[in-house]
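Asker: 3D, please:
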Amino acid sequence: MRRAVAVAVGAGLAWAATCRGQGAAVAPRVASPPVIEAVRIDRADVYTGAEARALWYARLANRLHRVTRERVVKRELLLAPGEPMDSARAAETARNLRRLGLFTEVEVDTVRRNDGTLALDVRTHDGWTTRPAAGVRAVGGQTLVSAALIETNAFGLGGTLDLRYIDDPDRSMLRAELLMPRVVNDRVTLGASATRFSDGRAGFVLAERPWFSLATRGAWRAVGTLVDGRVLRFREGTLVATDSLTRRQLLAVVEAGHALRASPRGYLRVGATAQWRQEDFAPRGAPITGYTTTVAVTPWVEALRARFAVVRNYRLLGPQEDVDLSTAVRAGVAVAPAAFGYARGGVGPLLVARTGRRFGDRAFGLASVRASGLASGGAIDSGTVSMNATLAWQPDARQLLVLHGNAAWARDPWPGAEFDLGLVRGPRAFPLHAFTGDRQRFVMAEYRWTIPYAFARTGVAALAAFAEAGGAWFAGDRPRWGQDVGAGLRLGSLRTPSGFGALRLDLAYRFANDRLPAGTVFVVGSGFPFDFLR
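Answerer: Presented below is the predicted three-dimensional model:
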């Protein structure tokens with residue numbers, strides 16, 4: 001009996017060992033990602049195929065337009081021959097190309113060649129990047145006249161040339177700006193701007209080595225600005241300035257950062273921002289004497305978990321758009337000692353946080369908060385806090401509902417840096433400077449329906465209805481609000497790459513408030529009214 005049991009146990013152990021051996025033999029292996037053997041770039045002009053041959057305006061547009069150079073596309077690629085295929089890096093490559101504002105369509109995929117090897121296939125479709133513009137906005141007896149010539153693909157290298165003239169109720173302005181991304185060794189971006197106001201001047205110079213991708217290990221940025229002119233201050237909705245100052249500012253900001261961890265899926269970065277500021281004010285007509293110089297340093301840490309969505313018919317009409325749903329947090333501490341020019345030394349926190357989320361395939365939400373300040377002796381000397389939330393729902397490809405809310409507070413803002421709503425930003429039916437202060441609120445809802453047919457195979461239109469309320473006031477004053485409702489037309493182009501959003505033509509009914517009567521006004525603008533809020 002014992003012998004039989006021993007034989008049975010031994011047979012069982014042998015069978016188990018055999019099974020383990022067989023299991024090990026057939027255990028699935030983790031397949032290595034295929035290696036990219038070549039990169040194929042296909043660049044298309046504004047019009048292609050039968051349209052380019054049959055339509056006179058398509059032929060003319062292609063003759064006037066210079067196709068984006070292959071060098072511009074190649075410098076944005078995050079995958080190269082000999083590297084394993086990575087879908088996250090391929091998706092980021094497509095986002096980087098769309099972010100340039102040059103293309104209406106971008107596709108980055110892989111294809112098997114005839115010899116069986118794998119190639120990265122990059123296809124771009126150029127948009128029409130030369131945008132002459134002229135417009136007139138009139139609200140509440142105020143008129144804003146503008147004319148501009150903007151080219152976002154200067155010299156075929158993705159540069160931006162911006163020539164602009166604006167005449168608004170405050171002043172007239174003539175500006176020339178040139179920005180050339182990654183023009184030095186495909187790494188360093190250079191830019192400059194010069195502005196002549198009817199009551200002053202301003203300008204900036206820029207040099208930076210940007211974060212090329214989520215996986216970039218280091219970046220730096222240096223900016224210098226000059227402002228010499230007049231600051232107008234408004235209160236209680238008066239359309240005439242209650243105060244006027246002369247301002248002179250020289251500002252230099254240098255920032256550098258390094259990624260401790262970095263991949264297409266997110267990063268952890270550390271860095272520091274140093275600011276040298278020379279800024280003085282004087283009553284209008286009085287000379288500025290002396291110079292007030294301050295220096296502040298802000299070390300920071302930033303973490304991000306990447307998440308993006310590709311949508312259509314949100315801010316634009318027609319072309320692809322990337323919506324950043326990433327969760328990101330930047331935290332830092334500003335150090336401003338008395339030895340660096342301040343009346344008294346201080347420190348202050350910096351917090352910038354944002355996140356986004358998809359709700360199924362048809363909706364997404366965005367939320368952000370920003371807080372900064374400076375405190376000394378246990379008291380807050382100055383600071384700003386702002387919060388934003390946006391919800392977008394697209395029940396189908398042609399419909400869009402957007403809800404947005406904004407709230408912001410400021411303590412002891414610089415002259416001219418107060419919140420300012422009206423005409424260009426905030427409630428669209430109210431004039432410039434209708435609401436000013438160190439407290440700000442804004443809410444809006446807009447529904448949009450895209451018309452199924454394009455005009456002349458290029459233009460896209462949508463009908464919209466909206467309601468909004470917003471205002472700004474100073475601490476201690478009663479809150480000042482304004483509300484309006486209306487309907488309008490949105491205009492976009494299948495041939496125009498990303499920009500400032502669809503053109504808005506709105507007929508708005510303004511409800512009466514403490515300063516303005518009720519009435520109907522026609523408003524021209526672009527993008528959403530909350531795009532320019534802070």
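Asker: And the protein, split by domain according to the record?
Answerer: 36-126, 211-526 (automatic domain parsing).
Asker: want to throw the ones you listed into JSON lines with mean pLDDT?
Answerer: As requested, these are exported to JSON lines (pLDDT from 0 to 100):
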{"stretch": "domain 36-126", "mean pLDDT": "89"}
{"stretch": "domain 211-526", "mean pLDDT": "89"}
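Asker: got a markdown table for those, with distance to A194 and mean neighbour count too?
Answerer: Using the backbone N, CA and C atoms, a C-beta is placed for each residue, glycine as well. Output for the domains of the chain, formatted as a markdown table (distance: least, C-beta to C-beta, whole Å; neighbours: other C-beta atoms under 10 Å):
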| stretch | distance to A194 | mean neighbour count |
| --- | --- | --- |
| domain 36-126 | 22 | 16 |
| domain 211-526 | 9 | 17 |
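Asker: Distance to M180 added to these, as TSV?
Answerer: Listed next are the domains of the chain as TSV, based on distance: least, C-beta to C-beta, whole Å:
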stretch	distance to M180
domain 36-126	11
domain 211-526	15
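Asker: what's the closest of the ones you listed to S146?
Answerer: domain 211-526 (9.9 Å; C-beta to C-beta).
Asker: Can you measure across the closest one, start residue to end residue?
Answerer: 29 Å (C-alpha to C-alpha, to the nearest Å).
Asker: what's the answer for stretch 506-520, then?
Answerer: End-to-end span of stretch 506-520 (C-alpha to C-alpha): 10 Å.
Asker: Distance from that stretch to the middle of the chain?
Answerer: How far stretch 506-520 lies from its chain's middle: 31 Å, per C-alpha atoms, centre = their mean, to the nearest Å.
Asker: Which residue ranges of the stretch 351-500 of the chain form strands?
Answerer: 363-376, 379-393, 399-411, 419-421, 435-437, 439-450, 459-473, 482-493 (DSSP state E, counting those that start in this stretch).
Asker: which other helices and strands contact the first one?
Answerer: Under the contact definition 3 or more C-beta pairs under 8 Å, 6 or more residues apart in numbering; DSSP states H and E, strand 363-376 sits against strand 327-336, strand 346-359, strand 379-393.
Asker: follow-up on the earlier one: name the stretch from the strands of the stretch 351-500 of the chain that approaches R209 most closely.
Answerer: Set against R209 and scored by C-beta to C-beta, the strands of the stretch 351-500 of the chain come closest in strand 363-376, at 24.9 Å.
Asker: Run the chain-centre distance for that closest one.
Answerer: That offset, for strand 363-376, works out to 15 Å (C-alpha atoms, centre = their mean).
Asker: could you check the angle strand 379-393 makes with that strand?
Answerer: Strand 363-376 runs at 180 degrees relative to strand 379-393, counting by axes from the mean of the first three to the mean of the last three C-alpha atoms, to 10 degrees.
Asker: Can you pull out the residues in contact with strand 363-376?
Answerer: Outside strand 363-376, the residues within contact range by C-beta atoms under 8 Å, 6 or more residues apart in numbering are 309, 311, 323, 325, 334, 336, 342, 344-359, 380-394, 411.
Asker: for the domains of the chain, which one sits closest to L163?
Answerer: domain 211-526 (15.8 Å).
Asker: Okay, helices next: where are they in the chain?
Answerer: Secondary structure of the chain (DSSP state H): helices located at 2-26, 49-54, 56-64, 70-74, 87-99.
Asker: returning to what we had before: of all the domains of the chain, which one comes closest to V183?
Answerer: Closest to V183 of the domains of the chain is domain 36-126 (C-beta to C-beta; 10.3 Å).
Asker: quick check: longest strand of the chain.
Answerer: Determined from DSSP state E, the single longest strand within the chain is strand 243-263.
Asker: mind saving the C-alpha coords of it as PDB?
Answerer: Output in PDB follows, covering the C-alpha atoms of strand 243-263 (Å, rounded to 0.1, in the frame of the first residue of the first chain):
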ATOM      1  CA  ASP A 243      -7.100 109.300 -13.700                       C
ATOM      2  CA  SER A 244      -4.100 109.500 -16.000                       C
ATOM      3  CA  LEU A 245      -0.500 108.600 -15.300                       C
ATOM      4  CA  THR A 246       2.800 108.600 -17.100                       C
ATOM      5  CA  ARG A 247       4.500 105.200 -17.000                       C
ATOM      6  CA  ARG A 248       8.100 104.100 -17.800                       C
ATOM      7  CA  GLN A 249       9.000 100.400 -17.600                       C
ATOM      8  CA  LEU A 250      12.000  98.300 -18.400                       C
ATOM      9  CA  LEU A 251      11.500  94.600 -17.700                       C
ATOM     10  CA  ALA A 252      13.800  91.700 -18.200                       C
ATOM     11  CA  VAL A 253      12.800  88.100 -17.400                       C
ATOM     12  CA  VAL A 254      15.000  85.000 -17.600                       C
ATOM     13  CA  GLU A 255      13.700  81.500 -17.000                       C
ATOM     14  CA  ALA A 256      15.400  78.100 -17.100                       C
ATOM     15  CA  GLY A 257      14.100  74.700 -16.300                       C
ATOM     16  CA  HIS A 258      15.200  71.000 -16.200                       C
ATOM     17  CA  ALA A 259      13.200  67.900 -16.400                       C
ATOM     18  CA  LEU A 260      14.000  65.300 -13.600                       C
ATOM     19  CA  ARG A 261      11.600  62.900 -15.300                       C
ATOM     20  CA  ALA A 262      10.200  63.300 -18.800                       C
ATOM     21  CA  SER A 263       8.300  61.100 -21.300                       C
END
